[in-house]
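# generate a structure from the sequence data that follows.
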Amino acid sequence: MNTIEKDLERRQEEYKRYNEKEFKKNKININVRLNGDNKYYHAFQCALFTENLLKYGYDNITKEEIKNNGISFDKYSINLGYTKYCRDLKRFSSKQEMLGFVIGYNEAISHINV
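From the prediction side, this is the model:
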């Protein structure tokens, strides 16, 4: 193996470690299994959704309520608080529906900030 290949392999390992670290940070309030190639993307989208709620609030829930209680993601709901037994922000039929909502919400917010 030449030095270019070694350098490329080292960078790939660094990139994997960085992605795993970011994934663990982003997944802290997600109480549903994320797997496959999209797990990093979905965890990032949930973290971004949380940031957006802290910035703008949601429906009749204030930014302060969100800051004080936190947000959690479960298979069938997004909750104000860290368990599925807390107040629901929104309910869903499946994990995929919930993730689709989160991604769509983030996309809509990104167009507001343009």
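# residues touching the residue nearest the centre of the chain, list them.
The chain has Cys46 as the residue nearest its centroid, 1.8 Å off, counting by Cα atoms, centre = their mean. Going by Cβ atoms under 8 Å, 6 or more residues apart in numbering, Cys46 touches Asn26, Lys27, Asn29, Ile30, Phe73, Leu99, Val102. Any C-beta I mention is one placed from the backbone N, CA and C, and that applies to glycine too.
# going along the chain, name the strands of this protein.
For the chain, applying DSSP state E gives strands covering 71-73, 77-80, 87-91.
# pull the distance from the shortest one to the chain's centre.
Pointing back at strand 71-73 there. On the basis of Cα atoms, centre = their mean, to the nearest Å, strand 71-73 is displaced by 9 Å from the centre of the chain it belongs to.
# tell me what that strand is packed against?
Here strand 71-73 touches helix 39-56, strand 77-80, going by 3 or more Cβ pairs under 8 Å, 6 or more residues apart in numbering; DSSP states H and E.
# now the last one
Packed against strand 87-91 by the contact rule (3+ Cβ pairs under 8 Å, 6+ apart) you find strand 77-80.
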